[in-house]
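A.B. asks: Fold the following.
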Amino acid sequence: MNDLTDAERLRASVLGDELDTEECQVLATKMKTRQLADGERLIAVDSHDHTLFVLVEGRIAVTGNGKGAEENVLYMMKQGECAGTRAFVDRTPRKATLRAIGGDATVYTLEPDDFESLLDTHPRIVYRVMRSLFRITHTNLMRMNLESQQLVNYISKTQGRY
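C.D. replies: Got it, this is the predicted structure:
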C-alpha cells in the first residue's frame, strides 16, 4: 500500500474531480476501507447493497452472469474509478459482480445514508459529488454506445459471420 492519505487518494479519483483537499478530507470521514484478496468478490449481481465503491489500489473486474458458473468480464476497473453509481443513487439491485483480479485491491466504500448526512453541513460537497456521479454515468453510457456501434458495424460488414 502506498503512502497517500485517504484525502489524496479521493482527490485523485473521478469522484474527487471537483473537490479540493479539505472537501476530500470531509468526504473521507464518511467512507470505509475494504481490502480484497485476489479473486475475492466485492459485490454480487442482484445484491440489494447500495454502496458506492472507489478503487484506490489494484484492479477490479466487472462481470456479468455467464452460462453456468462462468462470469463474463465486461470491464476492468482502473485505480480512481467508481462502481455502483446506479445502485447508490437509485437504490436498486446490482447489475454486475465486482471481483478483485490480478492481485490484492483496496476499495473505499460510501453508504448512501452516510453521504446524505453531509447535506446539512456540507451541501457543496454533496452537489459536486453528484455532478461527478452524473459524469461517471454519462461516460459509461458513451463507452457502451460506442461499443454497441462497433458491434453493429462488425456484424453488418461480415453479414453476421464470425
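
A.B. asks: Just give the closest residue to the residue most central in space within the chain, not the sequence neighbours.
C.D. replies: Centroid-nearest residue in the chain: Ala83, 1.4 Å away (criterion: CA atoms, centre = their mean). If the residues on either side of it in the chain are set aside, Ala83 comes closest to Phe53, at 4.6 Å by CB to CB, 6 or more residues apart in numbering. For the C-beta atoms, the positions are set from N, CA and C on the backbone; glycine is no exception.

A.B. asks: In three-state terms, label the closest residue to Ile43 other than its chain neighbours for me.
C.D. replies: Across the structure, with CB to CB, 6+ apart as the measure, the residue nearest Ile43 apart from its sequence neighbours is Leu98 (4.9 Å). The three-state label for Leu98, taken from DSSP: H, G, I helix; E, B strand; the rest coil, comes out as strand.

A.B. asks: from memory Leu98 sits against Cys82, does it?
C.D. replies: No - between Leu98 and Cys82 there is no contact under CB atoms under 8 Å: 11.1 Å.

A.B. asks: Tell me the residues that contact both of the two, please.
C.D. replies: A shared contact of Leu98 and Cys82, defined by CB atoms under 8 Å, 6 or more residues apart in numbering, is any residue touching both; here these are Phe53.

A.B. asks: Who has more neighbours out of these two?
C.D. replies: Leu98 (26 against 22; other CB atoms under 10 Å).

A.B. asks: can you pull the contacts of that one?
C.D. replies: Residues in contact with Leu98, defined by CB under 8 Å, 6+ apart, are Arg41, Leu42, Ile43, Phe53, Ile60, Ala61, Val62, Thr63, Met77, Ala83, Gly84.
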